[in-house]
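Trainee: No sequence on hand, only this structure:
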C-alpha cells in the first residue's frame, strides 16, 4: 500500500543533513501513501560519505553524481551541492526521468533557471525547490490569514535576513562550509543565499515584484582562499538592500547582510494591510505577530500567537499546545508535502517554475546594484 | 469660577516631589472647577524647605506640621511624612476640618488605621490615599475591562513587586531616604511598602482577600543605623510571599522583595478569568497584555496594548497615539481625580476606609509569617 | 563496536511518542557506543499497538507488560503508563535485571517511590526518570552558569507551570488522554503532573527544599467519568501554589494550575542571586534571560540569550547559530545522555533516588494544602 | 541670580503644548541660571489663544506673529507654526536679534534653510531646532556608547518611522490638525515630517549621508480639502523608503509611512558595529537594546536596558530606578539643554546649521523618488 520513493541524495553537507532528517522523520509524523526511502547518498570522499550513510541509514553510496542518476533504484534526486552544480545535475536528472528536489536557490542566475524549468517541464517530472521557510507553521498561518482576506488591501511588505558570521577579516573564502563566500560557486553573496528566501516568501505571500532599486557592499575586500592559500578579491556581496514595487501596488523594503552584529539568522517579515498586519521572525519561529484593526479600539494591539495548536498548520501532527517545534521541521514538512503532492498528482510548491520568479528578482537586484538604476524584475 | 484648593504639604522628600508635580501639572492637562494651589510646604530644615518651596512655587513654608494644620489658608493637608506620623497628623487635620491626601500605606497597622478612618468620617472631610498605581492608564483600562465583564469567572490573581536596591550589606538603615529599612518608622519592610500597593490594586480589581499564609525573611540581619552610627538588628522584612483566597473563589499569589537582582521596580499583576486574562508590568507601564479566548482559535494570543489612544483612560488628555507617558503621571491623575471628586461631591477612591482593608491584609500577612499559621485577613 | 540497548516500551500514548522519537533520533545527532534499538512496544489494544510499532519501527509488540519484562531480547524497560502502574512495573523490571527509564513523576507518592528506589538499588540496574525539561539547552546552560558560581548567594527561586486546558466544565475525567484528571490513576492533579517538573528542576538548580506551606483548589467539583458515564467528584487538585524555604537560605514561590486562561504550557523559572539572575520560559524554550550585575552600570539589563550556538549545551550537535530546536529534543537529549552514561558507567540523572526527593516535596505540599500547616519536605 | 528668558510662542497647536510644558517643567527638574518665562503666546483666534495662555500661564497674547517679534519683553521666539511659515518668521526674528527655537523640520526645503542659517549666523543669535528624539534618555545613551567607541567600525544603520493614522480615505486634508497632508503647507509628507527625525538622529549618531536612492508613494490620490470642501489631489508622499551610503562607509536603510496598520508612532533605529549593536524603539522609549560581542560567547545576547538609573542621561533629575518617563520629557530636556547652553555660551544642538544637513538629505530623497536616480545628499 505504501509507495516507496527512493531518494538519491547528492551532497551531504549541512543541507544533506536537514534533508535526510526530513526523510527520516516525515513518516513518523505524517501519513502519506508515498513514503521516502533513504536509498543512496553521493559524495566525493568515500569514507565521509559512508559515515554519513551509516548515520542516516542510506543503503548505498556513490562518489559521482552521474552514477546516482543512472541508477534504476533511485526515483528522486535531491540536489544538495553548491549552487554552481544545480543546473547541470537537475537537467541530467530530468532527462533521466527522475523526480527532483533541488536546494535553493534554484540556479546561479535566471538564464540557467530557465533551462532547468524547460528540462523538468519537458520531462514532466515532479519537482520542488527547498525554500523551507514557507513551511514554518507560523509562516503558513500567515499565508492562510492572507488568503482568507483578513488583511485587505496591502500597502507594505518588508523583510530582513540579518546575520553576523563573516565579520572577521580572518575568515577565509572557498572550500567546504565556506563556498558561500566564493561567487564562482555561490553565484552571489547574501542576495542569492539569504534574500532569495525573503523574495520567495514575499512573492508567495504578496505577489510579483515588478521593479527594484538596490545597493550592495563588500565590506572585506580580500580574503585568503581556502583552495589556493592566497589572498584573493572577495567577489560576493556582503550586504544588499533593495526597494521595490509589487504588482498589487504595495511597496517593498528588503535587506540582508552578514555584518549585523548580534543577529545570528534574523529573518523577519512584515506585511501591512488595510485591516490587519502580520509580523514574523525566524529567531522565534513558533510565534506569529498579528494586529487586527477590527478589534474594539480600546483593546487593539499586536498579538503574539504561539503557533502550537492542533488547528494551526502542521501542528496537529506534532505535540500539544504550548510545545514548540524548531528549524528542522520545515524540511520534514516539505518532505511530507512532496509525498502528499505525489499522492494527489499535484505540483509541490515552490516548483522550479515558481522559483524562477525569485531568480529574476535576484538578477534584477544584482544588476541594479551594479548599474545604479531601477531595474524591471519580472 | 475656579475653586482653589490650597494645599499644605507636610514632608518634601521623594513623595513630596511627586505630589507637587501632580499639583503643578494637573491643571495643564485636566479641566476641573476645583484647582490645586501650592500654598505651603512644611519641613524640619528651613533652608531645604525654602529651596523646595522656591522650586515648586509654594507660597509659604512651615517647620512644624501642627502650624500647617492651624493655618486658615490651607484647605487640604497632604501627608508625605514617614509612616509613623500618618495617624497623628491625619487625625489632627481631620479635627481641624481639613481635606486629607495621605501617602500610602495608610498607617503603621490596622488599629491606627481604624482611628484615622473614624476621624475623617466623623469630620466628614474629603480624604484619599495615594495608591497611585491604580491610575496608570493601563491599570485603569484593566479595571474597565473587568467591570465590563470581559473576563468571566476569575480563577487566579497574582502580583509581584520586585526590587534589588538593598542587597548590599553596606547599606545603612534609618535616616533620610533610608527610613524604609527602619521598622520603627516604616512599620514593616516590603509588606507595607510594596505589597501594600499590590494588595490595594488586587482588592480593587478582584474583591476582598479572606485568608492568607505568608513567609517573610530578613536576609541581612544587622545594618549600621544612620542615626546611632551603630550596627543594629534589622527588624523589617526584606522579602515577603503570601498565598491567599479571595471572596470570589479565586486564588492569590503575591511576592515582594528588595533582593531580586535585576528588577528595579517590577510590579506585575495578572488576573486569569474564564474568558480572558490580563497582565501588566510597571517596567513597561504604558502597555497592557490581554488574552481574549473569544478570538478565533487560530489567531488567539496575548495582545500587547499600547495604552496611548484617546479613548483609553486618561490618555485623551495627553498626546497622540503611540506617545507614552510615565510614572509621575499617576500622581497627576490622582490630583485631577481628587479635584473632580470635589466638583461632583463624591469620594475619591481609595479613601481611608478603602485603604483600611489593605491594612487588615498587611497585618494578617505579617502575623501569618510570624506564627506560621493561616490568618483571616478581613 | 556499537552496543545495542534493546528497548521495551510500555505504553504508547503521548509519552510513548516522545520517547520513541528520542530513540529514533538520538543516533542521528549524538555519537555514543551504546545505541537504542526499538525492540518491542506494549499496549492493551493489539491493533493500535501494531500501528504504533509500524510507524516507529518496533520489531515486536506485546499486550501484557509482564511479557515485556520476561523477554530476553529486552535490555531496558521504558515505563510510559499512567502513574498508578509505575511502581509495580518498575519493581518487577528491576527484579528482572532490566535497566529502567521511567516517565515522571516517579510514583503516586513517596512511600511507593521508596520501594522503587530500593528495588533498583538492590538490583544495581541503570535507571532514570524522564524529567525532560532539565535537558532543554537553555535550562542546562542555567545549570552551568550556576555551577560556575556566577550568581553568588541565592535569595529567591520562583517557578510557575500554567495551563488552561481544563477550564471547560464539559471536559470529562478518566480514560485515555484524560486519566490526569482522575486521582486514582494520576495520584494528584497539577502537583504531581506539573509542579513535579518545577520541583525537580528547582532542587537540581538550587538544592533541597526543607519546608512548605501550600494552597490547592478544585474549581470544577464534578465531572462525568469517561469509564462510568456518570458525574463523579473530581478528586485532583486543579491548582496548587506553595511557598517554601530552601536549605541554602533562599525562599521559593511555586504555582501551578490548569485554569490560567491564555497559557498553554507556561513553565517559567527564575533564580535571583547576589551577582546575577536567570529566567527561563518554556513558551520560548530556546532563550535564556540573564542579568549580570557585574556589567557597567549604564549598560546593565536583562539579556535574551538565543541558545543556539555550538558552544552552548547540546547545540553543537544540531544546526547553526540562530536556528532553534523544540520540545521533543529534550527527550532526544535524555536518550543520548542515558546512552552516554552507560558508555561511562555512571548514573544518568535524575535517577530514581534523585526523583524521590521531588516525591517528598510533592507529598508535603499536598499534606500542607490539606491540613493548612507548614510541613517539612525533606 | 536667575536669568529669565522670556519666551514668545508662535502657534499653540500640538507642538505649542509640548513646548509650553517644556518651559513649565524644566525649572522643576533641572537647575540652570537661565530660566524660561512664559511671556506671550500668539494665535489667530483670540479666544482660543487666551484660553491657551490661561492654561499655561502666558502673561500676554498676540494675534500677529510680527507683533511678537517687535516686543521688547520677548527674548526668544519659539516657532510652532506649520512648516511654510518657518523661514519668514525665523529670518524676521533673527533680524530682530531674538533667540530662536524652531519646530522641525527646519524649512520647506534646503534653499529656504540656507537663508535661515545665514540669518541666524549673521545675527549671532542662539538657535536650535526641536528634533526632540535626540533627547530621549535611551537615545542619548546610545550616543554616549557610540562616542565611547564601544561599537567599533560601523556597517549598518537602519531606521523606520511607521504610523497608521491616514489609512482611511475619508480623512480630509488641510486645516487645523491636518495641514500635514497638504504639501503647500507641509512641504512634503512623511519625508519631511517623519523621516526628518530619522535623518537627524542618524547623522548625529553615524555621520553624514552622501547619496540616496528613494521610493515614494501616495496611496490615496484624492482627499476632500478642509478649506475648499472639494476633492483635491493629494500631493504629499504617504510613504517613503530610501537606501543610502554614509560617509563612514556604512549602509543605511530608512522607511517611513502612515499606512503601516498597527503602528502608531513606531520610530525604530538600529546601528550595527563590529563590536556591538544598538536598537531603540519609540514605542518603548525608556529601553535601549544593546548587544555586546565582547561578552563571553555562551552568554551573549541582546540586553534590554531599562534607562531609568541616575547615572544614565537625564535620569538623575527624575525619579528612582525602574520608574519611567515619557514622550513629553524630550521637550523638557531640550528646554533645559537650551538654558544650559546659554549659561555656558555654547550652541545647543541641533542648531539651524546642523538641521540644514537633514534638509539636504530630505531634498535628495524627494528628488531621487521623482527622477528614479541616485542623488547626492551632501
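Mentor: All right, it came through fine. Please read these numbers as outputs of a predicted model, since none were measured by experiment.

Trainee: do you know how far the closest residue to chain B within the stretch 51-200 of chain A is from residue A:300?
Mentor: Closest to chain B within the stretch 51-200 of chain A is residue A:141: 6.6 Å, counting by CB to the nearest CB. The way it works is simple: take the backbone N, C-alpha and C, and place the C-beta from them, glycine included. Distance, residue A:141 to residue A:300, using CB to CB, to the nearest Å: 20 Å.

Trainee: same check, this time on residue A:327
Mentor: 32 Å.

Trainee: Repeat that for residue A:209.
Mentor: 31 Å.

Trainee: Repeat that for residue A:246.
Mentor: Distance from residue A:246 to residue A:300, by CB to CB: 26 Å.

Trainee: Residue A:209 and residue A:300: which is more packed in?
Mentor: Between residue A:209 and residue A:300, residue A:209 has the larger neighbour count (other CB atoms under 10 Å in any protein chain shown), namely 27 against 21.

Trainee: residue contacts, that one?
Mentor: A:199, A:202, A:203, A:244, A:245, A:246, A:247, A:252, A:361, A:377, A:378 (CB atoms under 8 Å, 6 or more residues apart in numbering or on different chains).

Trainee: of those residues, buried ones?
Mentor: A:199, A:202, A:203, A:244, A:245, A:246, A:252, A:361, A:377 (16 or more other CB atoms under 10 Å in any protein chain shown).

Trainee: Give me the next element, helix or strand, following whichever helix or strand the first one is part of.
Mentor: In this structure, residue A:199 sits in helix A:196-206 according to DSSP states H and E. The C-terminal neighbour of helix A:196-206 among helices and strands, as given by DSSP H and E, is strand A:209-217.

Trainee: tilt between that next one and strand D:209-217?
Mentor: Angle between the axes of strand A:209-217 and strand D:209-217 is 170 degrees (criterion: axes from the mean of the first three to the mean of the last three CA atoms, to 10 degrees).

Trainee: any idea of the mean pLDDT for strand A:209-217?
Mentor: On average, the pLDDT along strand A:209-217 is 98.

Trainee: List the strands paired with it, with their directions.
Mentor: Paired with strand A:209-217 in the same sheet, following DSSP bridges, are strand A:239-246 (antiparallel), strand A:375-376 (antiparallel).

Trainee: residues touching the closest residue to residue A:235 other than its chain neighbours, list them.
Mentor: Distances taken as CB to CB, 6 or more residues apart in numbering or on different chains put residue A:183 closest to residue A:235, at 4.1 Å, once the chain neighbours are dropped. By CB under 8 Å, 6+ apart, the residues touching residue A:183 are A:189, A:235, A:236.

Trainee: now those as a markdown table including pLDDT and secondary structure?
Mentor: A markdown table is the format used below for the contacts of residue A:183 (pLDDT from 0 to 100; DSSP: H, G, I helix; E, B strand; the rest coil):
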| residue | pLDDT | secondary structure |
| --- | --- | --- |
| A:189 | 93 | coil |
| A:235 | 91 | coil |
| A:236 | 92 | coil |
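
Trainee: Now tabulate those residues in TSV and tack on distance to residue B:69.
Mentor: Putting the contacts of residue A:183 into TSV (distance: CB to CB, whole Å) gives the following:
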residue	distance to residue B:69
A:189	77
A:235	84
A:236	79
